[in-house]
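Novice: sharing a model that was predicted from the sequence below.
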Amino acid sequence: MARQIALLRGVNLGGQERVQMARLRELVQQLDYRDVTTYVQSGNVVFTGPDEPSEAVAEKLEAQIAASLGFEVPVVVRSREELAEVVRADPMRDIATVPARYHVIFLKDAVRPERLTHIEPAEFDPDRFHMHGREVYLWTPEGLGTSRLARALTDKRLGQIATARNWKTVERLLAIADE
């Protein structure tokens, strides 16, 4: 059995796609996953299930949510080991000093390089980013809401499903997976 982490994209923002965390736990349990825990209201779920590919788990969760709640929610899944590697790889540990302004953008797939040609890093100073596999590490020292770089790294521009979590949430999800 493997610990997995599901990250729902765009739930409970501005009154749209409302998902109560208790209901989300029920939906995940109905798929025969165990030890289901949610973290904050933004759609973070940690659970135990068969060792199966993250993409297959994401598809099951997306179908379950759509069938039960009546709307589609993109889901990105990482295994406990994959999330631990995200934390271990932390390329900005020396400069990202405020966890609330340091984010990881989780992608369904690796980004094709041509999707990043519109980004000239010097134009977005003091913001910084680093690609690592299926994650984008994003440091926005002046805040995410005003970051031009964050707007340049949207799922539309990257050409795939993307969902971001701040560093505190990333570390907490790993701690929950280890409990």
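Specialist: The structure has been received and is ready for your questions.
Novice: ok, Gly49 touching Asp35?
Specialist: No. Assessed by Cβ atoms under 8 Å, Gly49 is found out of contact with Asp35, at 9.1 Å. (Each C-beta comes from the backbone N, C-alpha and C, glycine too.)
Novice: between the two, which is the more surrounded one?
Specialist: For Gly49 versus Asp35, the count of surrounding residues by other Cβ atoms under 10 Å is larger for Gly49: 18 against 14.
Novice: give me the beta-bridge partners of that one?
Specialist: On the basis of DSSP bridges, Gly49 is bridged to Ala2.
Novice: that one: what's it in contact with?
Specialist: Residues in contact with Gly49 (Cβ atoms under 8 Å, 6 or more residues apart in numbering) are 1-2, 4, 31-34, 57.
Novice: got the buried residues for stretch 26-40?
Specialist: For stretch 26-40, burial by neighbour count (16 or more other Cβ atoms under 10 Å) applies to 27-28, 33, 36-39.
Novice: circling back to that earlier point, inside strands: which ones of the contacts of Gly49?
Specialist: 2, 4, 34 (DSSP state E).
Novice: for this structure, name the helix or strand with the lowest mean pLDDT.
Specialist: Scoring the helices and strands of the chain by mean pLDDT, DSSP states H and E places helix 155-158 at the bottom, with a mean of 86.
Novice: next one: that helix to chain centre, how far?
Specialist: Centre-to-centre, helix 155-158 and its host chain are 14 Å apart (Cα atoms, centre = their mean, to the nearest Å).
Novice: just the strands in the protein please.
Specialist: For the chain, the strands defined by DSSP E cover 2-8, 34-39, 44-49, 75-79, 102-107, 128-132, 135-139, 162-166.
Novice: could you dump those to a markdown table with distance to Ala63?
Specialist: Output for the strands of the chain, formatted as a markdown table (distance: least, Cβ to Cβ, whole Å):
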| stretch | distance to Ala63 |
| --- | --- |
| strand 2-8 | 13 |
| strand 34-39 | 17 |
| strand 44-49 | 15 |
| strand 75-79 | 10 |
| strand 102-107 | 20 |
| strand 128-132 | 29 |
| strand 135-139 | 25 |
| strand 162-166 | 18 |
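Novice: okay if I get those as JSON lines plus mean pLDDT and distance to Ala150?
Specialist: Formatted as JSON lines, the strands of the chain follow (pLDDT from 0 to 100; distance: least, Cβ to Cβ, whole Å):
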{"stretch": "strand 2-8", "mean pLDDT": "96", "distance to Ala150": "17"}
{"stretch": "strand 34-39", "mean pLDDT": "96", "distance to Ala150": "22"}
{"stretch": "strand 44-49", "mean pLDDT": "96", "distance to Ala150": "19"}
{"stretch": "strand 75-79", "mean pLDDT": "97", "distance to Ala150": "17"}
{"stretch": "strand 102-107", "mean pLDDT": "97", "distance to Ala150": "8"}
{"stretch": "strand 128-132", "mean pLDDT": "93", "distance to Ala150": "9"}
{"stretch": "strand 135-139", "mean pLDDT": "96", "distance to Ala150": "6"}
{"stretch": "strand 162-166", "mean pLDDT": "94", "distance to Ala150": "8"}
